[in-house]
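K.L.:
Show me the folded form of this:
(chains A and B)
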Amino acid sequence: QVTLKESGPGILQPSQTLSLTCSFSGFSLSTSGICVSWIRQPSGKGLEWLATICWEDSKGYNPSLKNRLTISKDTSNNQAFLKITSVDTADTAIYYCARFYTGRGFDYWGQGVMVTVSS
Amino acid sequence: DVVLTQTPPTLLATIGQSVSISCRSSQSLLHSNGNTYLNWLLQRTGQSPQPLIYLVSKLESGVPNRFSGSGSGTDFTLKISGVEAEDLGVYYCMQFTHYPLTFGSGTKLEIK
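P.N.:
Sure, this is the predicted structure:
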């Protein structure tokens, strides 16, 4: 059974660094073809892909935020991470992690974690 | 970036009615390897998105066969043949033929 769960700080101040953790089970990020992605959704708005990391450690970032994003993984502990630097109120959103199967797309999503940026 | 335009933005349907959602891409989604990486997802209120269809027309496991996907190039359609109450929510198309991966703006299905 595949599950993913996001965790984060809940609230942080502008200019701080947001650190998110995706803890998953039921699959390994060392399996060929498997990736984990981060996607966010501001309240009442649509979905925005942020970043992806794959089994062979390749990484992809949304160019609109690339300089602010860092994705990484801990294969042994079944976790993936995302850091976003210099946050501002526009980064307030629900952040999801999802399993991405190469050639097929997102097949499992986490429940999401709400992050609020406020002074 | 590839822009996916979904129409209509809102769809009002009665139970049992058949409905279609359009997703038009600003570029062809046919990859050089012959695949078309266009998927559909459903997000029910207060829930995370769930996959419905991948590679234009392939149903995800557990998805009822009243859902079907079709299209090619830049024009794609999700059809629900006989809407049920559990189908309400926001439908998104998504492409990953081109970098970066992008989502459509969504179509909200409401039940009369």
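K.L.:
Report the beta-bridge partner residues of the spatially most central residue of chain B.
P.N.:
In chain B, the residue lying closest to the centroid (Cα atoms, centre = their mean) is residue B:40, at 3.4 Å. In this entry, residue B:40 is beta-bridged to residue B:53, residue B:93, by DSSP bridges.
K.L.:
so it makes contact with residue B:92?
P.N.:
Yes: assessed by Cβ atoms under 8 Å, residue B:40 is found in contact with residue B:92 at 7.1 Å. Bear in mind the C-beta positions are built from the backbone N, C-alpha and C, glycine included.
K.L.:
how about the residues of chain A that lie near chain B?
P.N.:
Residues of chain A lying near chain B by Cβ under 8 Å from any Cβ of the partner chain: A:37, A:46-49, A:52, A:60, A:62-64, A:96, A:103-107, A:109-112.
K.L.:
Quick check: phi and psi at residue A:102.
P.N.:
phi -50, psi 130 (degrees, to the nearest 10).
K.L.:
so what pLDDT did the closest residue to it other than its chain neighbours get?
P.N.:
Leaving aside its chain neighbours, residue A:102 sits nearest to residue A:33 (4.3 Å; criterion: Cβ to Cβ, 6 or more residues apart in numbering or on different chains). Listed pLDDT for residue A:33 reads 97.
K.L.:
Count the neighbours of residue A:33 for me.
P.N.:
12 (other Cβ atoms under 10 Å in any protein chain shown).
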